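1. Structure for this input, please:
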Amino acid sequence: MIGWARAVLVMAAVLMAATPAAAQQSEVKRSITQVAGDLYRFQNNFHFSVFLVTEEGVIATDPIDAEAAAWLQAEVMERFNQPIRYVVYSHDHRDHIAGGEVFKEAGAVVVAHENAKQTIIGEQRPTAVPDITFDERMTLTLGGHTVELISVGPSHSNNMIVAHFPVERAVFAVDFISVKRLPFRTLSDAYFPGWMEAIRRVEAIDFDILLPGHGAVGTKADAADHRGYLEALYAEVLAAARAGKSVEEMKASITLDAYKDWGQYDKWRVENIEGMAANIALHRRGN
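-> Numbering: from 1, shown residues only. Got it, this is the predicted structure:
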């Protein structure tokens, strides 16, 4: 009986000691940093969005999730004493646009590509349905500030747009461009070679600061570098497929050494190859 009681006490002590560590792991990292002028970047763990402050309200982008949106809305009001008037979805994927109802219920107008609205409704995304949609381009003007919304075509989705801030010389581009980091895993919901063309459209914009939806801030040169990686991946996988190699052989032989110093190279290189091979197989008809 004494031994059993001692075991219970030891287990209780272990659980109590583990609780703070578990709590720390569950803590969300949130912050707001100034990019340039009245443009700010919002971090919610590994996701980022941006917002522009004007004298007549705020133009925000991806809400990320409901808790993040509520936190951002409160912070913006406390720091700038301005309501969020517009929220712009970069594309339809849940991990970036969930929680849009937080802004909409407070009076914000939701803007997205017309294809995004169809997918949001069809897939029942947990977010607010866009109020305004567009096809190629749209300009938002508020409080003397301008944001240019530009469709880049099928890439990481079929409804991807970027937000260009001309005065701040910045572009917010989500998921289809990263700064010195490989694309996410198996490139799901991707379109090739449209993805590379989408990046070329971004390169055609006059800007200096690249603001991705994940990872570090970069420059226009980083966009070109990311396109270079995708072009190399596409070319090598296509050549291997035409040579009759299996996916396993591709993973062993396609090393993409020029990018070995990039983030997630060790984890995602083989998955990038798998995803590209699957994508090419959908559109290639061999002999």
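
2. For this structure, just list every one of the strands.
-> Secondary structure of the chain (DSSP state E): strands at 30-36, 39-44, 47-54, 57-60, 84-88, 109-113, 132-134, 137-142, 145-151, 161-165, 170-173, 209-212, 218-219.

3. Residue 73 is nearest to which of these?
-> Of all these, the one in closest proximity to residue 73, counting by C-beta to C-beta, is strand 84-88 (6.0 Å). For glycine as for every other residue, the C-beta is placed from the backbone atoms N, C-alpha and C.

4. And stretch 35-46, how far out from the chain middle?
-> Distance of stretch 35-46 from its chain centroid, counting by C-alpha atoms, centre = their mean, to the nearest Å, is 14 Å.

5. Please identify the deepest-packed of the strands of the chain.
-> Burial of the strands of the chain is given as mean neighbour count (mean count of other C-beta atoms under 10 Å); strand 170-173 ranks first at a mean of 27.

6. Could you tell me which other helices and strands that one packs against?
-> Under the contact criterion of 3 or more C-beta pairs under 8 Å, 6 or more residues apart in numbering; DSSP states H and E, strand 170-173 touches strand 47-54, strand 161-165, strand 209-212.

7. JSON lines for the ones you listed, including distance to residue 260?
-> Listed next are the helices and strands packed on strand 170-173 as JSON lines, based on distance: least, C-beta to C-beta, whole Å:
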{"stretch": "strand 47-54", "distance to residue 260": "25"}
{"stretch": "strand 161-165", "distance to residue 260": "29"}
{"stretch": "strand 209-212", "distance to residue 260": "21"}
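
8. for those, which one sits closest to residue 278?
-> With respect to residue 278, and counting by C-beta to C-beta, the nearest of the helices and strands packed on strand 170-173 is strand 209-212 at 24.4 Å.

9. Just the mean pLDDT for the closest one, thanks.
-> Throughout strand 209-212, pLDDT has a mean value of 99.

10. Out of the helices and strands packed on strand 170-173, flag the one nearest residue 178.
-> Taking C-beta to C-beta, strand 209-212 is the member of those nearest to residue 178, at 5.4 Å.

11. Keeping just the C-alphas, turn the closest one into CSV.
-> The C-alpha atoms that make up strand 209-212 are tabulated as CSV, following Å, rounded to 0.1, in the frame of the first residue of the first chain:
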residue,chain,number,x,y,z
ILE,A,209,10.1,44.7,-50.2
LEU,A,210,8.8,41.1,-50.5
LEU,A,211,6.4,40.1,-47.7
PRO,A,212,5.7,36.4,-47.7
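
12. What pairs with that strand, parallel or antiparallel?
-> strand 170-173 (parallel), strand 218-219 (antiparallel) (DSSP bridges).

13. okay, those in a markdown table with mean pLDDT and distance to residue 160 next?
-> Putting these into a markdown table (pLDDT from 0 to 100; distance: least, C-beta to C-beta, whole Å) gives the following:
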| stretch | mean pLDDT | distance to residue 160 |
| --- | --- | --- |
| strand 170-173 | 99 | 8 |
| strand 218-219 | 99 | 18 |
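
14. Please convert those to JSON lines, extending it with distance to residue 226.
-> JSON lines is the format used below for the strands paired with strand 209-212 (distance: least, C-beta to C-beta, whole Å):
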{"stretch": "strand 170-173", "distance to residue 226": "10"}
{"stretch": "strand 218-219", "distance to residue 226": "9"}
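
15. Tell me which of those strands lies nearest to residue 53.
-> Between the strands paired with strand 209-212, strand 170-173 lies closest to residue 53; by C-beta to C-beta that is 13.8 Å.

16. circling back: relative to residue 79, which of the strands paired with strand 209-212 is closest?
-> strand 170-173 (19.5 Å).

17. Can you name the residues in contact with that closest one?
-> Residues outside strand 170-173 that contact it (C-beta atoms under 8 Å, 6 or more residues apart in numbering) are 35-36, 39, 49-50, 61, 90, 152, 162-165, 202, 205, 207-213, 223.

18. Kindly export that strand (C-alpha atoms) in CSV.
-> What follows is strand 170-173, C-alpha atoms only, in CSV (Å, rounded to 0.1, in the frame of the first residue of the first chain):
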residue,chain,number,x,y,z
ALA,A,170,6.1,46.4,-50.9
VAL,A,171,4.3,43.3,-52.1
PHE,A,172,2.4,40.8,-50.0
ALA,A,173,2.7,37.4,-51.7
